[in-house]
Each structure stands twice: as structure tokens, then as C-alpha cells.
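In: Turn this into a model:
(one chain, ligands or ions: 3)
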Amino acid sequence: MQVPAGDFLKRINNPSDLKEFKEDELEQVCNELRQYIIDVVSVNGGHFAASLGTVELSVALQYVLNTPYDQLVWDVGHQAYGHKILTGRRENFHTNRIYQGISGFPKRSESVFDTFGVGHSSTSISAALGMAVASQYKGETDRQHVAVIGDGAMTAGMAFEALNHAGIENSNLLVILNDNNMSIDPNVGALKEYLTDITTSKPYNRFRDDIATVLSKISSMGPDAFKIAKKIEKSIKGTLLKRSNFFEALKFRYFGPVDGHDVKHLVKLLRDLRDIPGPKLLHCITVKGKGYALAEKDQTKWHAPGLFDKITGEIKKTKYDKPQPPKYQDVFGHTIIELAEANPKIMGITPAMPSGCSLNLMMKAMPNRAFDVGIAEQHAVTFSAGLATQGLVPFCNIYSSFMQRAYDQVIHDVALQKLNVVLCLDRAGFAGADGATHHGAYDLAYMRCIPNMTVSAPMNEEELRNLMYTAQLDNMGPFVIRYPRGNGVMVDWQRPMKAIPIGKGRKVSDGEEVAILSIGAIGNEVVKATEQLHTEGYFPAHYDLRFVKPLDEALLHEVFTKFNHIVTVEDGCLEGGMGSAVLEFMADNNYKAQVTRLGIPDKVIEHGDQPELWAECGFDAAGIATSVKKYAIKRDNTHIIAS
Ligand SMILES: Cc1ncc(C[n+]2csc(CCOP(=O)(O)OP(=O)(O)O)c2C)c(N)n1
Ligand SMILES: CC(=O)[C@@H](O)[C@H](O)COP(=O)(O)O
Ligand SMILES: [Mg+2]
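Out: Numbering: from 1, shown residues only. Ligands and ions are numbered 1, 2, ... in the order given. The predicted model follows:
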């Protein structure tokens, strides 16, 4: 839904329009920008609180920098709505994250002002450093390179790797640390505590301010005095501050902490910093949700609240007249507690997604057995491996696409050592509005090729529980359970758990001529398709493989013996996924059949609702039915096959 912009904001179609405003008018620009974000996100959805916190930074940066020549990289990008609106996308902003609309994250193909595609966190310093070193190499000494990174994103190993490198490159890089003391959930870790300390430490700040005052007095006494002042500053920083400031120790010049909501001061600082060579870090203190009281108060809830009434703050929930199935993440969250109550070996680990994967329930119920380790997928996996060496059974829950970060840890630290780590991959399949960066498209393929792995996907809540139960039994080795974002299909899901034989699939419904093989929750689209096909007089069989590793060979022998036409359905990439495994089985066993593979094709699928994306790829119920009808013979409607 399109909403009107304020009088100032209306005049800004690109950063050069913003530069026409007087400095005194920038506060009003910020107010209108903030209001516009509230107006649009309340009716269209999307990330919310983070962009409210970066309004002043977005305005100040575009006001001072000469973008796109100067290069600005936003980390993660969920906080870059202000940037999008100021850089030519105000009119389109109402299509944000909607199917075929603009992306919720900066994206190079969308705008020249989006210097780097983001979505996953903690890449900005590396990317901006790469740009800065390239400029240096090309002799573009006047070019600015800025990475804006949150305190949450700063907890990742990648950010530390980049700081470590940047400190010894004398390139023109400014890192802006947007410190709001929050990740999606409250930020965690020693670095967070350090940042709070230097923000609140009175002695540190007084000492730093006193030095600044004295030096500026000396500097104002003339050019020689200025040189002396610089020398003094250097030696003080080289000794006292360096010892006490983490970033200075890494050879960055540290500035701050400063108020990240004082737009005029930010403009002044950014202008000053432009003239200082080498790596610099500006520590800005901001408030996540700034300007929307409810969001400031409950920042986790307002990270991405969905649609809401902007006046009352009521978050809109679809109203149902009967109970609805739970989200898969909540089934995980409740089930791990149930299992952990019975099995003292179970531990829970999440890299910064406690409310996203519902491990927050266990963190509350069993605080000494559940850990949020920060945005640190690699560490989460190896930390789990360490726990497993001591006989514990860690359930390490990582969104499927974020697990891509920890691939070597999965192979090197877990699989090769055959450790009993349960890898729960939430958000498998299409993530929806977050789009290409977040789709869990590759997990079946990238896990299936690793030795010692068990790779499973439940079709419903009961199966998720049973797989979790199975995975924590003794000597299971590395065990993947992947399941999607959103709700399951069973209202009555809290049934007693039982073990599932490893590598055993099941027949969902009998049939003839065509067999549909599915894996995981997308099997429910197959159920819908077969129900529809039955009404039209087609009777395919449906098998749920449940495991892509090990494969249920007995089931596949049955299928290839009985059927000449097979349709495989998965919400994962076609290259190397379940369909590929079935083709390998067919070739290895000299079967001949016509196999149609439905899944995610070899191209980037953008954002949209899950059903829209399933339809785009031809594996929603209608697409599956169409594929089956190519091979099935129509019978009369009386020919009903029992499930
Ligand atoms: C690799 C990776 N892991 C997890 C996430 C999920 N995630 C998105 S934003 C976010 C919190 C980021 O915190 P911060 O950088 O401080 O930004 P803020 O929202 O506080 O502005 C997390 C954990 C992600 N995008 N990428
Ligand atoms: C930006 C980011 O990575 C997260 O905020 C992500 O959008 C969360 O996704 P869910 O809404 O599926 O938890
Ligand atoms: Mg933060």
C-alpha cells in the first residue's frame, strides 16, 4: 500500500536532493523519514526497529558522502530502509519484500547505491575493506569507504577477521559501529560487555574528553602547536588508550562513543573523519526502535513485528475460529525441553536466534543447559562438537541458510569425528519475504554428500518430535533434522514420542502408474495435490522418504519395481538434492523409469510468500498435479484407492 511522504521527504529522490537541505533542516528530514518507515512498514510488514535506529546515520551519511562514488556498505541490511528511501526507492518502498517488489536488503542489481548484497551478517567490514584496497590500488585516494555494522553483527568471527586485516592496511576505511546493545534478542558476549563498559565508564570518557579539550586548546595556538598537539595525541593513544581500547589495539583510530541520533553532530563528525587517513572506527550509540515507544520498549518483538496498527501498536494477527497448528520452531522449542528433562545429556545451542528458533524457551527453563553464542555459526557448531566429545548431546539449532557459514565445521569437527551432534536446520526451504539470501535451498545437497551423516526432514510436527527423540539416542552420530519456517499441519501434535528407524521412509497413500516421492514438509503439498487429483480421477501413489541419507533402499526398490513414472518433490535445490539421490539409486540399480524432478531450479529465487515461490518453481499442489497428469491415465471417479 502506497502512503504519502512528508513535505521534505517528498523532495528527496536521490542523495543530491538531500544535499540541497540546510543542516538545520536535517532534523525535520529525519522526522519525516522515520514517520515514513513507520507508515509503510505498519501496513506492508518487514524489519522495523533496526531501521528506526539508523535514521540519523542514514541521513548524515548521504548528506556528507558523495555516494555512489563513495562506497557505503550496510551490514545485514535489515536496518537500511532509510538508505533505500533516500536513494531512489521511496516511491517503490511499499513493495518492499513483496513478491516481485524491491528486496528487503541492499542489493547490487537494485541500485548503484547498494554497493554490496547483504542479508547474512558481519560481511560489511571485509567488503568495504576490499573496496578500499581496490581504490588504493587504482589511485583513487579521495574515495571514502564506510561499513555500518551493528553490535550484534560485530560478535561474528568474520567481523574480527576483517578488523584484524584492516588494521594493517593503510586504506581509507571508516567502520561505524551502530551500538544499540541489541541483536534480535539482547546481544551477548564479552565484547558486548566491553562496549557497554566503554560507553558508560565515566573515568574513561572523562579522561578522553579532557585530552581532547587540552589538545584542541594547544592546537589553536598555531601550526607548530598543532603539530605538537598531534604528537602528544599520538603518544597518549599509543600508550594509555591503546592499552585500554580494543579497536585502538587493532590499529584503528577509535572515535566515540557518540550520540547516533544527533544528526548535526554526526554530519560534523563524518566531515572531520573524511580527512583522517587509514582505518577508523566511529562508535555510535543508538536506540533500536527509536521514535516508536513500543519498539523502544520491546525491541525483540519489534525487530520484525509483521503488520500493526501504528496508532495503538496492536500487532495484527489473523483471527481463526478454531485452533491452528503450531510453528515448527515452537514444536522444537517445547520438545527439546521435554527431551532434556528426561535426558540430562541434552544441551541447546543457538547462534543469535533464540526467539527465531524458540530455544529461548529452554534458555529460560534450563539456563545452564542452553546457550546463545552470538552471531557465530561456526563457533556454535564446533562448540557443540566439543560438548559432544564429553558425552553430551548438543542440539545445535541454526537456520538452514546461516548453516552455510559453518560447513567446514560440520565436516571437519562433527562428521569426520562421528560426533553425536544434532543439527536442527530451521527455515529450510523457502524463507519467504527475506528472499534469496535466506532461503534454505541447499541443505539437502550439502549435507547429503558428507560421510557419517544422517539427514532427515519431518513431514509434520509429530515426525519432528520423533526425529528429535531418535537423534538423542545413544551413538546416533551426526544427525540433521531440517524443517521449514511457519506453521505445521497438526493441531494435536503433543503425542508421546517414539524412535523412527534410521533411513526408513513411509507410504503416505497407495496408487498406480505414477509414484510421487517427497521429503519433508513440502510433502503436505503433495497430499493436497493427490486429494485434488483423486477428485479428477487420477490416482498417483505418494511416498515420504523422511531421510535423504541413508536412503530407504527397500522403499525405492518397491517404487522402481512398481512404477514407470516417478515425480520427486523437494523444497531444495535440484542439483544434488533428493531427486538426484533417487536418480543415483536408479542408475546404480539398473532401473529404467521416467523421473521428473520438482524442486528449486538452478537460478536465484527472490522473495515472496512461500506458496508464491512454490508456485513459481512448479512444486505447489497445482504444479505437482500438473506434473503427475502428464503421465497418469484418467480413471472414473469411482476408482478410489485407500490410503
Ligand atoms: C549469518 C547470520 N546469522 C544470523 C542472522 C540473523 N540476524 C539478522 S539481524 C541480527 C541481529 C543483528 O544485530 P545488530 O547487528 O546489532 O543489528 P541491530 O538489529 O541491533 O540494528 C541477526 C542475528 C543473519 N542475518 N546472518
Ligand atoms: C535480517 C535477518 O536475518 C533476520 O531478521 C531474519 O529476517 C529473521 O527471519 P525470521 O523472521 O524467519 O526469524
Ligand atoms: Mg544491535
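In: Look at the closest residue to ligand 3 within the chain and say how many residues are nearby.
Out: Residue nearest to ligand 3 within the chain: Gly150 (3.8 Å; C-beta to the ion). (Glycine included, C-beta is placed from N, CA and C.) Here the count is done by other C-beta atoms under 10 Å, and Gly150 has 31 residues near it.
In: Spit out the contact partners of it.
Out: Counting by C-beta atoms under 8 Å, 6 or more residues apart in numbering, Gly150 touches Ala50, Asp75, Val76, Gln79, Ser121, Leu177, Asn178, Asp179, Asn180, Ser183.
In: Please repeat the previous calculation with a cut-off of 10 Å.
Out: Listed by C-beta atoms under 10 Å, 6 or more residues apart in numbering, the contact partners of Gly150 are 50, 53-54, 74-76, 78-79, 121-122, 124, 159, 176-183, 187, 286, 288, 375.
In: Name the helix or strand for Thr382, please.
Out: Here Thr382 is covered by helix 377-389, with elements defined by DSSP states H and E.
In: where does the stretch 151-300 of the chain come near ligand 1, residue by residue?
Out: Neighbours of ligand 1 within the stretch 151-300 of the chain, by C-beta under 6 Å from any ligand atom: Asp151, Gly152, Ala153, Asn178, Asn180, Met182, Ser183, Ile184, Lys288.
In: Dump the residues you listed into CSV; add secondary structure as well.
Out: Shown next, in CSV, are those (DSSP: H, G, I helix; E, B strand; the rest coil):
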residue, secondary structure
Asp151, coil
Gly152, coil
Ala153, helix
Asn178, strand
Asn180, coil
Met182, strand
Ser183, coil
Ile184, coil
Lys288, coil
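In: among these, which two are most distant?
Out: Asn178 and Ile184 (14.4 Å; C-beta to C-beta).
In: In terms of neighbours, single out the busier of the two.
Out: Neighbours were counted for Asn178 and for Ile184 using other C-beta under 10 Å; Asn178 has more, 25 against 21.
In: Would you check how far apart the more buried one and Asp197 are?
Out: Counting by C-beta to C-beta, to the nearest Å, the separation of Asn178 from Asp197 is 18 Å.
In: and what of Asn360?
Out: Asn360 is 26 Å from Asp197, by C-beta to C-beta.
In: Would you mind telling me which of the two has more residues around it?
Out: Asn360 (19 against 11).
In: Quick one: residues contacting that one.
Out: Asn360 neighbours (C-beta under 10 Å, 6+ apart): Asp185, Thr300, Gly333, Gly348, Thr350, Met353, Pro354, Ala370, Asp372.
In: Mind checking which of those land in helices?
Out: In helices, judged by DSSP state H, the following of the contacts of Asn360 are found: Gly333, Pro354.
In: Which one of the contacts of Asn360 sits in the busiest neighbourhood?
Out: Gly348 (31 neighbours).
In: if I pick the nearest residue to that one once chain neighbours are set aside, what's in contact with it?
Out: Leaving aside its sequence neighbours, Gly348 sits nearest to Ala370 (C-beta to C-beta, 6 or more residues apart in numbering; 3.8 Å). Counting by C-beta under 10 Å, 6+ apart, Ala370 touches 336-337, 340, 346-350, 354, 359-364, 395, 397.
In: So which of those residues are in helices?
Out: Ile336, Ile337, Ala340, Pro354, Asn360, Leu361, Met362, Met363, Lys364.
In: Make a markdown table out of those residues and add distance to ligand 3 and pLDDT.
Out: Output for those, formatted as a markdown table (distance: C-beta to the ion, whole Å; pLDDT from 0 to 100):
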| residue | distance to ligand 3 | pLDDT |
| --- | --- | --- |
| Ile336 | 27 | 98 |
| Ile337 | 28 | 98 |
| Ala340 | 30 | 98 |
| Pro354 | 15 | 98 |
| Asn360 | 17 | 98 |
| Leu361 | 23 | 98 |
| Met362 | 23 | 98 |
| Met363 | 19 | 98 |
| Lys364 | 22 | 98 |
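In: Redo the residues you listed as CSV? Include distance to ligand 1.
Out: Below are these laid out as CSV (distance: C-beta to the nearest ligand atom, whole Å):
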residue, distance to ligand 1
Ile336, 20
Ile337, 22
Ala340, 24
Pro354, 10
Asn360, 13
Leu361, 18
Met362, 18
Met363, 15
Lys364, 19
